[in-house]
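In: have a look; sequence and predicted model below, questions after that.
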Amino acid sequence: MNKNSQQTNHQDFRYKFSPTLILLCALVLLLCLAGIAVSVYRMIINGGILTFYDFLKYPFLILICALCILLIIALLIKSQYSLIGTELVTQFGLIKSKYDVLKITDLLHDRETSKLQVNFGEEFFILSLDPAWADDFVHELVKINPNANFSYTLTSAPPSNNED
């Protein structure tokens, strides 16, 4: 299969972050901005970078805070699962992993937690799915690899003991 035909079969499924995780990311962004502001303020009141210790302290803290901001923003903007040809691509910010869908042996979808366990023989990983597109995602995986065993779990209420 050539590269052009693989690019036409491309679907993205955006990762949905929980409100708690979004709040945590916002808190980290605020702390990083505060770290940059405090470092700049201290450099100004100290008259700049006068010693090697000042060079290590202020610019290094600014650089670390800027890198944290970059990572958090990349994580929030580009977190998704993609199906490109016969590859499953997981991307969380700047971190990207590729898996061959044709090597998948089993798929187990836990509908209560919206988690999908993907097995490659003895190895596996778990994907967190958005209930809005979970069924479409699993359907696309099975369409690419019809040999993969698919199952799902449901939780049901325990039987009631009616002793009259």
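Out: The structure has been received and is ready for your questions. Numbering: from 1, shown residues only.

In: how far away is the residue nearest to the spatial centre of the chain from Met43?
Out: Taking CA atoms, centre = their mean, the centroid of the chain lies closest to Phe92, which sits 3.8 Å from it. Distance, Phe92 to Met43, by CB to CB, to the nearest Å: 34 Å. In this view, the C-beta of every residue, glycine as well, is placed from N, C-alpha and C.

In: surely the residue nearest to the centre of the chain touches Ser79?
Out: Yes. Between Phe92 and Ser79 there is a contact at 4.9 Å, judged by CB atoms under 8 Å.

In: any shared contact partners between the two?
Out: Residues touching both Phe92 and Ser79 (CB atoms under 8 Å, 6 or more residues apart in numbering): Tyr15.

In: give me the contacts around stretch 91-98.
Out: Here stretch 91-98 has contacts from 15, 71, 74-82, 87-90, using CB under 8 Å, 6+ apart.

In: the residue nearest to Val138 when sequence neighbours are not counted: what secondary structure?
Out: Counting by CB to CB, 6 or more residues apart in numbering, Val138 lies nearest to His109, which is 5.7 Å off, once chain neighbours are set aside. Put simply, His109 is strand when judged by DSSP: H, G, I helix; E, B strand; the rest coil.

In: looking at the protein, which helix or strand is least sure?
Out: helix 3-8 (a mean of 45; mean pLDDT, DSSP states H and E).

In: what lines up beside the next helix or strand after it in the sheet?
Out: Downstream of helix 3-8, the first helix or strand assigned by DSSP states H and E is strand 10-14. According to DSSP bridges, strand 10-14 forms sheet pairs with strand 79-84 (antiparallel).

In: what's the mean pLDDT across the next helix or strand after the strand it pairs with?
Out: For strand 79-84, the succeeding helix or strand toward the C-terminus, using DSSP H and E, is strand 87-92. Per-residue pLDDT over strand 87-92 has a mean of 92.

In: so the very next helix or strand once past strand 87-92 versus strand 79-84, what angle?
Out: The element immediately downstream of strand 87-92 (helix or strand, assigned by DSSP H and E) is strand 95-100. Compare the direction of strand 95-100 with that of strand 79-84 by axes from the mean of the first three to the mean of the last three CA atoms, to 10 degrees and you get 30 degrees.

In: with that, I have no additional questions.
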